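Novice: return a 3D structure for these sequence lines:
(2 chains)
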Amino acid sequence: MDELISLYDNGLIYYPNIFFAVLFLIGILGIILVSIEIIVLGKKIRRVIEEIKSNLKQKKRIEKEEKKKTSFAQMIRVFFQRKSILLVYITRALTVFFAHMVRVVFIRINTTLGYIESQTEKIIKKIGKEILIEE
Amino acid sequence: MKKINIAHIILTLCLIYFVFTPKILAVDYPLAWPGILPDNKFYKLKVLRNKIIAKIIINPVKRVEFDLLMADKTIYASKLLIDKGEIALAKDTALKGENYYSILVQDYNRVLLKGKKIPESLDSKITLAAIKHQKVFKHLENKVTDEDKKTFQIVSKFSKINYDFIVGFRNPK
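Specialist: Numbers count the residues shown, from 1 in each chain, chains lettered A, B, ... in the order given. The predicted structure follows:
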């Protein structure tokens, strides 16, 4: 260590211009190396940031797709649930409606039959009267 | 017997002479080349660089070495400016050079307070540098007119004071 210090001091005292020139060159070299290192580091950081961004995008996409999938499935589920409920109601309503319609149709048929019966009775009565008159 | 005594006296006198006085006269200490001089446009940049270096040196002993180098360079720059004829700037530069040496004294003291040892080679360099600086200032004094001499005399005095401090640190009472 002492030898190094004495070497440094001797250089400084007896060869000051060379010492400062070397110092200057080392400084310039240091600045160049540091700037190169900063550039390389910047590139690396950019790459890492881009990777992180792409990963985030992928994750977001996957999440969105999963969300879509899940929502679609839920929708289908709900739809089927609702449809089944609707089907039940519709079938019920339809049965009620058909029953009512059948009932109405039967009543109608009954009334028409009644009407036809009364008409035929009338016709028969008329025919009977006419026969009686002719006789 | 008398001959031996005379020879002894002459020898001791010679020794005293060579040990104490001639150092100042015959110093073989080359000052570092300053490079850009203070009259250059880019000298401020150099000063800024040196201030930065002074703050980022780790080892305190190396800081002393740096201060010495700066003092040498600045004083040599002052000499070169005198040769160029830029005396006003040379005076300022000489003062600044000696200021570097006083910073060296402070750093030297700090090193000693930390309990660290200053290498002998650096210690001898500091001594030789102080002597050389004084020699240069004297040389510059002779090159300029009387009005400008004062500054260099003052700087030379500072140099002596600084060196006395260094001697004081080396040999604490």
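Novice: what about residue B:123, how many residues nearby?
Specialist: Residue B:123: 15 surrounding residues under other Cβ atoms under 10 Å in any protein chain shown. All C-beta spots, glycine's among them, are computed from the backbone N, C-alpha and C.
Novice: and stretch A:1-9, which residues are buried?
Specialist: Across stretch A:1-9, burial judged by 16 or more other Cβ atoms under 10 Å in any protein chain shown covers A:8-9.
Novice: distance from the chain centre to that stretch, please.
Specialist: Relative to the chain's own centre, stretch A:1-9 is displaced by 75 Å; criterion: Cα atoms, centre = their mean, to the nearest Å.
Novice: pLDDT averaged over it - what is it?
Specialist: When pLDDT is averaged along stretch A:1-9, the result is 86.
Novice: quick one: is it near chain B?
Specialist: Yes. If you take Cβ under 8 Å from any Cβ of the partner chain as the test, stretch A:1-9 does meet chain B, through A:5-6, A:8-9.
Novice: save those as TSV, and put in distance to residue A:127 too.
Specialist: Output for the residues of stretch A:1-9 next to chain B, formatted as TSV (distance: Cβ to Cβ, whole Å):
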residue	distance to residue A:127
A:5	155
A:6	159
A:8	153
A:9	157
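Novice: which helix or strand contains the spatially most central residue of chain B?
Specialist: By Cα atoms, centre = their mean, chain B has its centre lying nearest to residue B:130, at 3.1 Å. For residue B:130, the host element (DSSP states H and E) is helix B:120-143.
Novice: can you show me the strands along chain A?
Specialist: Here chain A has no strands by DSSP state E.
Novice: chain center to stretch B:114-129: distance?
Specialist: With Cα atoms, centre = their mean as the basis, the mean position of stretch B:114-129 lies at 13 Å from the chain mean.
Novice: can you check the pLDDT for residue A:128?
Specialist: pLDDT, read off for residue A:128, is 85.
Novice: count of residues packed around it?
Specialist: Neighbours around residue A:128, by other Cβ under 10 Å: 10.
Novice: from chain B, which residue is nearest to chain A?
Specialist: Closest to chain A within chain B is residue B:62: 3.8 Å, counting by Cβ to the nearest Cβ.
Novice: how about the contacts made by that residue?
Specialist: A:6, A:9-10, A:13 (Cβ atoms under 8 Å, 6 or more residues apart in numbering or on different chains).
Novice: please repeat the previous calculation with a cut-off of 7 Å.
Specialist: Listed by Cβ atoms under 7 Å, 6 or more residues apart in numbering or on different chains, the contact set of residue B:62 reads A:9, A:13.
Novice: so it versus residue B:97, what's the distance?
Specialist: The gap separating residue B:62 from residue B:97 is 20 Å, by Cβ to Cβ, to the nearest Å.
Novice: in terms of pLDDT, where does residue A:54 sit?
Specialist: Residue A:54 is given a pLDDT of 93.
Novice: likewise the one 3 residues further on?
Specialist: Confidence at residue A:57, expressed as pLDDT, is 93.
Novice: ok, now the one 10 residues further on?
Specialist: pLDDT recorded at residue A:67 is 79.
Novice: identify the residues contacting the residue nearest to the centre of chain B.
Specialist: Contacts of residue B:130 (Cβ under 7 Å, 6+ apart): B:159, B:162-163.
Novice: which of those residues fall in helices?
Specialist: B:159, B:162-163 (DSSP state H).
Novice: quick one: residue B:141 and residue B:149 touch, right?
Specialist: Yes. In this structure, residue B:141 is within contact of residue B:149 by Cβ atoms under 7 Å, at 5.1 Å.
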